[in-house]
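Participant: Model the following, please.
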Amino acid sequence: MAKLLVVDDDRLVLASLIEGLTEAGYSVSGAAGGAEALRRCAEQAPDLVIMDVRMPGMSGIQAAGKIRELFDIPVFFLSAFDDEDTVKQAVAEGALGYLVKPVRINQLVTSIEAAVARSANFKELRSSEENLRTALLGDRNIGIATGLVMERYHVTATEAFEAMRRRARSERRKLAEIAAEIVAAAEKSTMPGL
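Facilitator: This is a model prediction of the structure:
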C-alpha cells in the first residue's frame, strides 16, 4: 500500500484521518501545516500528500506547489471549501483529486487509489519521454559523428560507424558517449571566437 502524508491544521481531523487510513492498510504520517509537510516530504518521500487547503501560515495550495516543485510528490486536496476559485487554484497546482469534508474513509480510500495509480502513470510517461529524448539525441549525435568521421578519414559510413563502435567497446563506454564527444570536439574547432 502507498505511503501517505496527511496535512491538516485541525488536530482532531488529522488524528481521525491518520487512524482511519492506517486501519485501511496505509503507512500514514501527519503534519499540522504546510512548513511541516515540506519537512516530512524531505524526510519520508510519501507516495501521496493529502492536504487541507486553508491553513494558517502557508496555505495548502502554496505548500502543494512547493512539494511538487521540490519533491515531485502528488497532492490530493481534502477541504471544507468547494468554491470555484479554490478548486481552480488546486487544479493549477496539479491536484490529483479534490474532496470536500466531511468524507468517509472508504470514499477517501477509493480516491487515494485512483490518485496513486494516476500518479504512477504520469511518472511512467515522463520517464518514457525522457528516455525517448535521450535516444533521439544520441541517434542524432551518432549520425552526425559518423558523417564527421567519414569526412575526416575518407571512409564509408559503415567503416566510420564500426570505428566508433570499436572505440566504444575498447573503452567500455556507450556509442552515444563517443559520438557526443566527436560532435562536441568538431563544434569547438569550428566555432568562431567571441
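Participant: in the chain, which residue is closest to the centre?
Facilitator: Using C-alpha atoms, centre = their mean, the residue of the chain that lies closest to the mean C-alpha position is residue 72, 4.4 Å off.
Participant: chain center to stretch 58-71, what's the gap?
Facilitator: Its chain's C-alpha centre and that of stretch 58-71 lie 14 Å apart, by C-alpha atoms, centre = their mean, to the nearest Å.
Participant: same thing with stretch 114-122?
Facilitator: Put simply, stretch 114-122 sits 12 Å off its chain's centre (C-alpha atoms, centre = their mean).
Participant: What of stretch 96-113?
Facilitator: For stretch 96-113, the distance to the chain centre is 23 Å (C-alpha atoms, centre = their mean).
Participant: just to revisit the earlier point, quick one: pLDDT of the residue nearest to the centre of the chain?
Facilitator: The per-residue pLDDT reported for residue 72 equals 88.
Participant: same deal with residue 167?
Facilitator: So, for residue 167, pLDDT stands at 92.
Participant: Need the residues that contact the strand or helix carrying it.
Facilitator: Residue 167 is part of helix 157-170 when elements are defined by DSSP states H and E. Residues from elsewhere that reach helix 157-170 (C-beta atoms under 8 Å, 6 or more residues apart in numbering): 142, 145-147, 149-150, 153, 155, 174-175, 177-179, 182. C-beta: built from backbone N, CA, C; applies to glycine.
Participant: What are the buried residues along the very next helix or strand once past that helix?
Facilitator: Per DSSP H and E, helix 157-170 leads on to helix 175-190 as the next helix or strand towards the C-terminus. Neighbour-count burial for helix 175-190 flags 175-176, 178-180, 182-183, 186 (criterion: 16 or more other C-beta atoms under 10 Å).
Participant: The lengthiest helix in the chain packs against which elements?
Facilitator: As assigned by DSSP state H, the longest helix anywhere in the chain is helix 105-153. Counting contacts by 3 or more C-beta pairs under 8 Å, 6 or more residues apart in numbering; DSSP states H and E, helix 105-153 packs against helix 11-23, strand 48-51, strand 75-79, strand 98-100, helix 157-170, helix 175-190.
Participant: Run the angle between the following helix or strand past the second one and strand 75-79 for me.
Facilitator: Put plainly, it is strand 48-51. Remark: after strand 48-51, the chain's next helix or strand is helix 60-71, criterion DSSP H and E. Orientation check (axes from the mean of the first three to the mean of the last three C-alpha atoms, to 10 degrees): helix 60-71 against strand 75-79 gives 170 degrees.
Participant: Tabulate the buried residues of helix 175-190 (TSV), appending distance to residue 44 and pLDDT.
Facilitator: Listed next are the buried residues of helix 175-190 as TSV, based on distance: C-beta to C-beta, whole Å; pLDDT from 0 to 100:
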residue	distance to residue 44	pLDDT
175	40	87
176	36	87
178	41	90
179	41	89
180	38	89
182	45	91
183	43	89
186	48	87
